[in-house]
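S.K.: Quick one, fold the following:
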Amino acid sequence: MDTQTATNVTYNYQASTIFHELGHNLGLYHGGDEEVNFKPNHLSSMNYLYQLAGLSTIGNNEGDRYYERFYPGNVSCDITPNTNSHLGSTDDFIIDYSSGSSADLNESTILEAQGLNRNGSLPVDFNCNAINTESLTGFDTNQDNTISILSDVDEWNMLNLQFYMQSAGNRFGVPNTNNSKVYNLQSNLQSNLQSNLQSNLQSNLQSNLQSNLQSNLQSNLQSSPTYIETLPSYIKEAQPSSAIIAELKAIKEH
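M.R.: Okay, here's the model as predicted:
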C-alpha cells in the first residue's frame with residue numbers, strides 16, 4: 001500500500017468481498033435467488049460482474065463494468081474509465097444488495113437503447129461494435145451459453161437472519177443449507193405439536209367431561225333410595241275428643 005490508489009483498492013476489495021460473503025451467509029446466491037451469474041441488470045455485490053468492480057452508476061456510462069469484464073481494452077466500447085471505480089476513494093465506491101428495480105433482460109431480443117433496464121438508464125453497447133442502439137436477437141448477454149430471460153430480484157427482502165445457527169450460515173443459499181432445513185423442521189415440528197396438543201386436549205376434555213357426567217348420573221341414580229313421604233317419628237296423631245266419640249256412638253246405636 002505504497003500509494004493512495006493501492007490503499008483505495010485494498011480497502012474497496014476488502015469491503016466488497018466481506019459484503020459479498022456476508023450475503024451468502026444471509027442466504028443470497030450470485031444471481032440473487034438463483035446461481036445465474038453476470039446478469040448485467042442485477043446490480044448487486046453478489047454478482048461477480050460488480051463484486052470487486054463496484055456497482056455501475058445508472059445514467060452515467062452504466063455499461064462500464066460490462067465492457068471491462070467482457071471486452072477489456074476494446075476501443076469500440078471500453079474507452080472510458082469506470083465511474084466510482086475501485087481505484088478511487090472508498091467514499092465513492094458503491095457496494096449494495098439489489099433492490100430488484102431492474103426490468104428483465106430478454107436475451108431473445110436485447111434492446112441496447114434500454115441499457116441495464118432501470119429508471120434513468122442510458123444505452124449500453126452489449127456487443128461492443130460502437131453502436132448502442134441496436135436490437136440484438138438471441139444474444140447471450142451474460143455469456144453462459146444460454147439464451148434466457150435475465151431477472152433482477154429484491155435481495156434485501158430475501159435476507160435470512162438465521163445464519164447464526166451454525167458457523168457456515170446459509171453459505172449456499174437458503175433452500176440448500178442444513179441450517180435452514182433444521183430450522184424449518186424445528187419450526188414445523190413445534191407448530192404441529194402445538195396444534196396437535198390443542199386438538200387432543202380439547203378432544204380429551206370433551207370426552208372426559210361426557211364420560212364423567214354420565215358415570216356420575218348413573219352412580220347417583222343407583223345409590224339414591226326411593227323417596228317415600230312419611231311423617232317424622234316425633235309427630236303423633238291426635239286422639240279424637242270425647243264429644244266426637246259420643247257422637248259416633250250415638251250414630252252407631254241408631
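S.K.: do you know how far the residue nearest the centre of the chain is from N74?
M.R.: Centroid check for the chain by C-alpha atoms, centre = their mean gives M158 as the closest residue, at 6.5 Å. In this view, M158 and N74 are 35 Å apart by C-beta to C-beta, to the nearest Å. No exception for glycine: its C-beta is placed from N, CA and C like everyone else's.
S.K.: what are the ranges of the strands in the stretch 1-150 of the chain?
M.R.: For the stretch 1-150 of the chain, applying DSSP state E, counting those that start in this stretch gives strands covering 105-106, 109-111, 135-137, 149-150.
S.K.: Return the most buried member of those.
M.R.: Mean neighbour count (mean count of other C-beta atoms under 10 Å) peaks for strand 105-106 among the strands of the stretch 1-150 of the chain, with a mean of 20.
S.K.: Where does pLDDT dip in the stretch 1-150 of the chain?
M.R.: The stretch 1-150 of the chain contains residues with pLDDT under 70 at 1.
S.K.: before we move on, back to that, reformat the strands of the stretch 1-150 of the chain as TSV; add distance to N192.
M.R.: What follows is those, written out as TSV (distance: least, C-beta to C-beta, whole Å):
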stretch	distance to N192
strand 105-106	43
strand 109-111	49
strand 135-137	52
strand 149-150	38
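S.K.: closest to L213 out of those?
M.R.: strand 149-150 (66.4 Å; C-beta to C-beta).
S.K.: Would you map the helices across the stretch 1-150 of the chain?
M.R.: Secondary structure of the stretch 1-150 of the chain (DSSP state H, counting those that start in this stretch): helices located at 4-25, 64-70.
S.K.: What residues sit buried inside the first one?
M.R.: Read that as helix 4-25. Across helix 4-25, burial judged by 16 or more other C-beta atoms under 10 Å covers 8-9, 12, 15-16, 19-20, 22-25.
S.K.: and for stretch 86-97, what are the contacting residues?
M.R.: Stretch 86-97 is contacted from outside by 5, 8-9, 11-13, 15-16, 19, 23, 28, 43-46, 52-55, 57, 84-85, 155-156, 159, using C-beta atoms under 8 Å, 6 or more residues apart in numbering.
S.K.: Pull up the gap between Y66 and L55, please.
M.R.: Distance from Y66 to L55, by C-beta to C-beta: 12 Å.
S.K.: For those two, indicate the residue with more neighbours.
M.R.: Set Y66 next to L55 and count neighbours by other C-beta atoms under 10 Å: Y66 wins out with 25 against 22.
S.K.: if I read this right, the more buried one contacts N47, doesn't it?
M.R.: No - Y66 is beyond contact range of N47, at 11.0 Å (criterion: C-beta atoms under 8 Å).
S.K.: ok, N41 touching L105?
M.R.: Yes - judged on C-beta under 8 Å, N41 makes contact with L105 at a distance of 4.9 Å.
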